[in-house]
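K.L.:
Got a sequence here, can you model it:
(chains A and B)
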Amino acid sequence: MRALSEVGAGAIESIFEPVTSLIRSRQIIFYLTRKRIVLRYRGSILGVLWVLISPALTLAIYTVVFGILLRARWSPDETNTTEYALLLYLGLCVYWFVSDCVSEAPGLVLNHPNYVKKVVFPLEILPYVSVADALFHTVVRLVVFVVAVSILRGIPPWTILLLPLVWIPVCLWTLALCWLLAAAGVFLRDLREVITLVLVAMLFLSPVFYSLDQMPSVAGTVIRLNPIVIPVMQVRDVAYFGVIPDPIVWLQVVASSAIFARVAYSFFSRSRGTFADVV
Amino acid sequence: MSSDVVVRVENLSKRYLLQSRPIDHLKWRVLRREVPASISHWALRDVSFELKRGETLGVMGRNGCGKSTLLEVISGTLTPTSGRVEVRGELAALLELGSGFSPDLTGRENVYVYGSLLGMRRNTINARFEEIVDFAELADFIDEPVKNYSSGMFVRLAFSVAINSTPEILVIDEALSVGDEAFQRRCFARIAQLKEMGTSLLFVSHAAGTVLELCDRALLLDRGEVLQLGPPADVVKHYHRLIYAPREEQDAIRTQILSATLAEPKPGAELVRGRASSADETISAVRALEEEGFESGLHSKSKLQYVSRGARITDYVIESPEGREVNVLKRGGIYFLAFSVRFDRDCFGIRCGMLIKTVVGTELGGIVSSPLGAGIEQVHAGRSVRVRLPFRPRLTPDVYFANVGVVGQSDDGEIFLHRIADALIFRVLRESESISTGFVDFSSGKEATIEDEVDSGDLATDLQMLRSRDGVM
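P.N.:
Numbers count the residues shown, from 1 in each chain, chains lettered A, B, ... in the order given. Predicted structure coming up:
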């Protein structure tokens, strides 16, 4: 039985509210995520196989284009044709994850007017659904990576098992961005266009296509402000180079991401009262 | 909050802002600025009431009176501008049927998604799945995407899930009017069952019959204000007066209803004195107010004149035997439906008639001036006649419409020379101890008997069965 609840008066929220709402609504999140995944491929001939095929083909194309045709190399003394493509792919896995979630965030509430007005729906779980969907695809992409690495370069280092740990802060701040953008997007309809541009900048101003060492130091400082820089490098460290990330740095990032997420969640739940009037 | 109150609404107001940009809302909210009055529309003003455990409350009112807004605020999808809503218990809301459905998913998948939106656990849904599908009569289509469903199927499934989620409070917005007759019957039966289990029900309806049948109390909303909260029969009467009133008389009627309600015990006082006593008082008070007569507010607004083919009906009224014009009739009394017919050309085989219908247009029955083939043989052009059709309204208290018409023989057989649909509207007086249900009064004046059967014996169970069946019908 739901405790006595008040609509209108600002009820006091527990600090763990984002977590409790995740647990409370886990079922809906699960169904909605599955629905998104299933719906995306329903009706296509290969169906859910596409989840696997598209990253595999992408990686193959990168290998051919960058490794063989363009002869791109991560470091000047590198001789291997496949390394660049594999590292690029790992970086893109991080970027795709973030951009899948963030690009749709401004429309998250806006595009579900039924959930706002016509059913009693826990709107705050929508970012969880985005993130869960993106996580699912990321896992598949990384599985493709593991298979590719095993074929091209041999068994990946054991540190690859740390990937989930590296992904935790990314999930946290992506969720935060989703809450912020989803709430703001209701009022500022221009956000969607802005976000598209920001995401492009985020991609090119990050060590996805190049190594940070190749940058002039000033540019390097600027680029470090980009939130995907650390995760991109950490993911490469654990999944390819076999380097364990600095635990202190990791803890700092997790802590600050968690605080960011909590603040963003508050922002979202405070503004949700107005959604129905505007959507 | 006292333990048997499940929803309490206190001084609730809701303002909509017309012609505002989304960014303005943010501005007003963040800067706490005063919102310009010119764009404010108050959909609800100072609404207060309580819903008790196991109680069914019907919300009535004209279109745009704030009914849906009220339910949305209670459900929590809308935030009130001022005032508060307290909800105690699990609440399921059917604000727009099927709005929680995803068209691309199959019926089965939607049952799970929608069920979990309504707060059902996976195990619960598994356990009740069969029941849900059976209730919706969709066993053959449950694995089809719901976008291929007919609107009736869609709605049946949504309703079935909601009603099988056994909420403590069920909020329904005009959903009972969907589905065919049989489905509606089953919904009513299921609602009665939920009521017995202690579910409170809050619903919006335009159907007087539904409100009278299901509700313990009814709420009349108009222009966002509560005009009346009281016994359903009373509220239905006022609702009808309000919707059939000409625009210029509406204000007067509103004031009348408000002052009539003021004379009744206020909802607050009712709590102290207990429900039964206040209900009795209200009924007796109204009985004194009611007698056969003419209510100026009661006008047919759906009058439809058909093309004249040689005759024209004018001056149609219902008269008492003394010749007084009336539109509030006593059940079983004798009245005359009188009208004049002017003939523009020579007509043959003339018969005049009338037809009584319910508010939703179900034809209940009519009377003609003479049997087929026995009409007035010939009427010359330019003549006028006055027709008086005696009739006895054996009808239960409600509002009814009457068509009038005149037919004549032509080369193609009998045709309508003129007719007016919904020409007249009348109301049948309420009675405090009616035993009739539905529209037609089948009572015979004799008392029903219930006796012990020689062998079976358990009278109490029989009585209970009778009573529960009565509740469902």
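K.L.:
Would you mind naming what in the stretch 151-279 of chain A lies close to chain B?
P.N.:
Contact residues, the stretch 151-279 of chain A versus chain B (Cβ under 8 Å from any Cβ of the partner chain): A:Val186, A:Phe187, A:Leu188, A:Arg189, A:Ser271, A:Gly273, A:Thr274, A:Ala276, A:Asp277, A:Val278. For glycine as for every other residue, the C-beta is placed from the backbone atoms N, C-alpha and C.
K.L.:
Contact partners for the fourth one?
P.N.:
Contacts for A:Arg189 were tallied using Cβ atoms under 8 Å, 6 or more residues apart in numbering or on different chains; they are A:Leu110, B:Pro22.
K.L.:
how would you label it: helix, strand or coil?
P.N.:
Of the three states, A:Arg189 takes coil according to DSSP: H, G, I helix; E, B strand; the rest coil.
K.L.:
Go through the helix or strand that contains B:Val9 and flag the buried ones.
P.N.:
According to DSSP states H and E, B:Val9 maps onto strand B:5-17. Within strand B:5-17, the residues that count as buried by 16 or more other Cβ atoms under 10 Å in any protein chain shown are B:Val5, B:Val6, B:Val7, B:Arg8, B:Val9, B:Leu12, B:Ser13, B:Lys14, B:Arg15, B:Leu17.
K.L.:
what does stretch A:191-200 give?
P.N.:
Here stretch A:191-200 shows A:Leu191, A:Arg192, A:Ile195 as buried, counting by 16+ other Cβ under 10 Å.
K.L.:
Let's have those residues in TSV, adding pLDDT.
P.N.:
As requested, the buried residues of stretch A:191-200 are exported to TSV (pLDDT from 0 to 100):
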residue	pLDDT
A:Leu191	90
A:Arg192	90
A:Ile195	94
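K.L.:
which among those residues gets closest to A:Val98?
P.N.:
A:Val98 lies nearest to A:Ile195 out of the buried residues of stretch A:191-200, by Cβ to Cβ, at 11.2 Å.
K.L.:
What strand or helix carries the residue lying closest to B:Gly107 once chain neighbours are set aside?
P.N.:
Leaving aside its sequence neighbours, B:Gly107 sits nearest to B:Ile142 (Cβ to Cβ, 6 or more residues apart in numbering or on different chains; 4.3 Å). Assigned by DSSP H and E, B:Ile142 falls within no helix or strand.
K.L.:
pLDDT score for the residue nearest the centre of chain B?
P.N.:
Centroid check for chain B by Cα atoms, centre = their mean gives B:Ala207 as the closest residue, at 1.8 Å. Among the per-residue scores, B:Ala207 shows a pLDDT of 78.
K.L.:
One more: B:Gly179?
P.N.:
Reported pLDDT for B:Gly179: 65.
K.L.:
Repeat that for A:Glu6.
P.N.:
You'll see A:Glu6 listed with a pLDDT of 40.
K.L.:
for A:Ala182, same thing?
P.N.:
At A:Ala182, the pLDDT recorded in the model is 94.
K.L.:
Likewise for A:Arg189?
P.N.:
We note a pLDDT of 85 for A:Arg189 in this prediction.
K.L.:
now swap in B:Gly366 and tell me
P.N.:
Per-residue pLDDT puts B:Gly366 at 90.
K.L.:
Let me know whether it touches B:Arg351 as I believe.
P.N.:
No: if you go by Cβ atoms under 8 Å, B:Gly366 and B:Arg351 don't touch, sitting 11.3 Å apart.
K.L.:
Comparing the two, which shows the higher neighbour count?
P.N.:
Applying other Cβ atoms under 10 Å in any protein chain shown to B:Gly366 and B:Arg351 shows that B:Arg351 carries more neighbours, namely 21 against 17.
K.L.:
all helices of the chain, in order?
P.N.:
Using chain A. With DSSP state H as the criterion, chain A has helices at A:17-24, A:26-41, A:50-62, A:83-104, A:113-117, A:126-153, A:163-187, A:191-204, A:217-223, A:229-236, A:247-278.
K.L.:
Sorry, I should have been clearer: chain B.
P.N.:
Counting by DSSP H, chain B has helices at residues B:22-31, B:67-75, B:107-117, B:122-136, B:151-164, B:181-196, B:208-214, B:232-243, B:250-263, B:267-273, B:275-289, B:459-472.
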